[in-house]
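Peer 1: Generate coordinates for the sequence data below:
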Amino acid sequence: MGYLEDLEKIVIINSHTQNKHGVDEVGNVMSSWLLELGFKKETFKRELIGDHLLFKSNQKEGPRILLLGHNDTVFPKGYFEGFTQDENWIYGPGVCDMKGGNVVALEALRNIFKNNGEIFNIDFLLVSDEETGSDDSKEITSELAKNYDYCFVFEAAGKDLELVTARKGVGRYIIKIEGKASHAGTSYEKGINANLEGAIKLQKYSELINLKEGSIVNVGKFEGGIGINTVSPHCEMMMEFRFDKKSEKKRIMNEVEKITNTSFVEGTKSTADGIIQRDVMEENEKQLQLVQFFETLTKSKIPLESRGGVSDANIVSSFGVTTLDGFGPYGDGDHTKKERALKSSFEQRIGMMTTILSHYQEVFFKD
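Peer 2: Got it, this is the predicted structure:
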């Protein structure tokens, strides 16, 4: 299992998203391995974050596949570092999220190259800012997605080695409320309480939650006022909403606009500045047909799951590309100091991906 030695080489490099040097160093190591397999590298240089990297294979007529991963992790320098293992588990930053997944993809590509000497129509995109929302790489991923028939994403597998067919979409708002300051003791009636307006709005936004439909609205940060004896002249809320359906996205956005534009405390003025950070990844028939085909190829049952968290699979799937996620190893404790990955799941995932990708190479090597 020499790939575990490769995994250690990149895990011991701190690649917190804001550590450009470290993320680029991981990218350089991955580049050295992929260039040995005949890939050509396209670099999307960045000044403040790590460079995004696209590794392109030889091209022929036929289906085109995009493998998708990220080089960054969530851990700042000194917080969680190192690489250890015992009989069953590997421990370290990124072993399952998602340097472990990148190594699964790499090892499968090595197997194909070893068998054929060339690789066709399989490209590998490694971005550097997934853990902070892919705000920079999203445009690149979106533009590239249009060139592919299939996308396989190497986030961690589920506990029972599930693939991921659906992920919630996520939107974010910053709501700003203007009131009017006054002395709370001597001139209360001259003030306009932005905090009170914010408190009412918070309750109204929370009423939009519909757990049955998979919709969550969360005001995670609330700030306002300038002092205990002053009627608050301003208030700001940071809100995130997640959704399983595009219809729910539309409903929530419409209702947020209505609530924001309504002044429950006379004289307040409010604005909401929002984005859809990643659109919903909804399970679809093309995915399910593809999974059934993979079950035939691998001669095994492939369990499926939906996840509340998001990944770059959301981005690619929103362009109609048939996308499956969760091709990485199984692990848990991700985003914590207890992150670990199950050794046996690497073998399963590498075997699965080798079988799948080999199928798409057969047409190029027929006599």
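Peer 1: residues in contact with the nearest residue to residue 53 once chain neighbours are set aside?
Peer 2: Excluding the flanking residues, the one nearest residue 53 by Cβ to Cβ, 6 or more residues apart in numbering is residue 126, at 4.7 Å. In this view, the C-beta of every residue, glycine as well, is placed from N, C-alpha and C. Applying Cβ atoms under 8 Å, 6 or more residues apart in numbering to residue 126 gives the contacts 27, 30, 52, 53, 54, 55, 69, 70, 71, 102.
Peer 1: Specify the local secondary structure of the fifth one.
Peer 2: In this case it means residue 54. Secondary structure state of residue 54, per DSSP: H, G, I helix; E, B strand; the rest coil, is strand.
Peer 1: Now residue 50, what are its backbone angles?
Peer 2: With angles defined as degrees, to the nearest 10, residue 50 sits at phi -60, psi 150.
Peer 1: Report the contact partners of it.
Peer 2: Neighbouring residues of residue 50 by Cβ under 8 Å, 6+ apart: 15, 17, 20, 22, 23, 24, 26, 27, 71, 72, 128, 129.
Peer 1: need the next SSE after the strand or helix carrying the residue nearest to residue 53, C-terminal direction.
Peer 2: Following DSSP states H and E, one finds residue 126 within strand 122-127. Counting by DSSP H and E, the next helix or strand C-terminal to strand 122-127 is helix 138-145.
Peer 1: what residues does the helix or strand following that next one touch?
Peer 2: Downstream of helix 138-145, the next assigned helix or strand under DSSP H and E is strand 150-153. Here strand 150-153 makes contact (Cβ under 8 Å, 6+ apart) with 63-69, 105, 145, 164, 290, 311-313, 316-317, 321-327, 353, 356.
Peer 1: out of the residues you listed, which are buried?
Peer 2: 64-69, 105, 145, 164, 290, 311-313, 316-317, 321-327, 353, 356 (16 or more other Cβ atoms under 10 Å).
Peer 1: can you tell me which of the contacts of strand 150-153 are in strands?
Peer 2: 65, 66, 67, 68, 69, 164, 322, 323, 324 (DSSP state E).
Peer 1: give me every residue that touches the fourth one.
Peer 2: This points to residue 68. Contacts of residue 68 (Cβ under 8 Å, 6+ apart): 124, 125, 127, 141, 151, 152, 153, 154, 312, 313, 316.
Peer 1: distance of the last one from residue 325?
Peer 2: For residue 316, the distance to residue 325 equals 9 Å [Cβ to Cβ, to the nearest Å].
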